[in-house]
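> just coords:
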């Protein structure tokens, strides 16, 4: 495949390093964001206005925050589905409700290939081009676009047809949210018991309570944050909501709802 016209829409905490990784791998990728190009430091020369972005766009990677922003990119404010004349592939890398993602197939013209490729690893993994991608789509299309994923990631999991990658991602993030809520609770209780934080984290890392957040607590940029609608902790509650939206009809959602409320209640940790 001739990888020209690659564009990343949504160059925030994850999208910007993904764009940088594509460029470092030799792809002539460009970015678009609602913020002005001058806000993007070293990436400024590679950021485009909407008109310039859509003109040569062939492969669109969306890394915007939520469903509303995805609708803006694809159908509404930016409307790239109708206004990018050469668009061939849309890769959804935002974490969204799997129901919404699957429904995109009926909203996007059939000549446009759809791939869902949500990722895991936080901003540090994006900066180091070692993201984990959960992939859904036609096997041939996934193979064709693998060089792009190779540029941005280190682990690739083909989960099934379009939408299966997103289903796997929200289930993974439900576990991540559970680990976040419980790790923070355990550390708070340890404080009250006079147990040293580092000593406990070292114990957890080599014991049965081991989990991603605890093992990376001093390197994960949001590990000590409280809940805010615009930060990664806030995004976790959105991800749990996406998992709940895709829950089986007869599922008991008591525990996921409790986790979601626990994340909402998080305060900054010194």
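Sure, I can see it. This structure is a prediction, so every number in the text was calculated from the model and none was measured. Numbers count the residues shown, from 1 in each chain.

> any idea where the helices of the stretch 1-150 of the chain begin and end?
If DSSP state H, counting those that start in this stretch is used as the criterion, the helices of the stretch 1-150 of the chain fall at 15-24, 50-55, 67-74, 80-83, 98-107, 122-127, 139-152.

> which of the residues in the shortest one are buried?
Right, helix 80-83. 80-81 (16 or more other C-beta atoms under 10 Å). C-beta: built from backbone N, CA, C; applies to glycine.

> export the helices of the stretch 1-150 of the chain to a markdown table and tack on distance to residue 223 and mean pLDDT?
Below are the helices of the stretch 1-150 of the chain laid out as a markdown table (distance: least, C-beta to C-beta, whole Å; pLDDT from 0 to 100):
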| stretch | distance to residue 223 | mean pLDDT |
| --- | --- | --- |
| helix 15-24 | 18 | 96 |
| helix 50-55 | 34 | 96 |
| helix 67-74 | 25 | 97 |
| helix 80-83 | 35 | 98 |
| helix 98-107 | 27 | 97 |
| helix 122-127 | 9 | 84 |
| helix 139-152 | 23 | 97 |
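
> With distance to residue 259 as extra columns, can I get those in JSON lines?
Shown next, in JSON lines, are the helices of the stretch 1-150 of the chain (distance: least, C-beta to C-beta, whole Å):
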{"stretch": "helix 15-24", "distance to residue 259": "27"}
{"stretch": "helix 50-55", "distance to residue 259": "38"}
{"stretch": "helix 67-74", "distance to residue 259": "21"}
{"stretch": "helix 80-83", "distance to residue 259": "35"}
{"stretch": "helix 98-107", "distance to residue 259": "18"}
{"stretch": "helix 122-127", "distance to residue 259": "19"}
{"stretch": "helix 139-152", "distance to residue 259": "29"}
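
> Next up, the contacts around residue 155.
130-133 (C-beta atoms under 8 Å, 6 or more residues apart in numbering).

> filter those to the buried ones?
For the contacts of residue 155, buried by 16+ other C-beta under 10 Å: 131-133.
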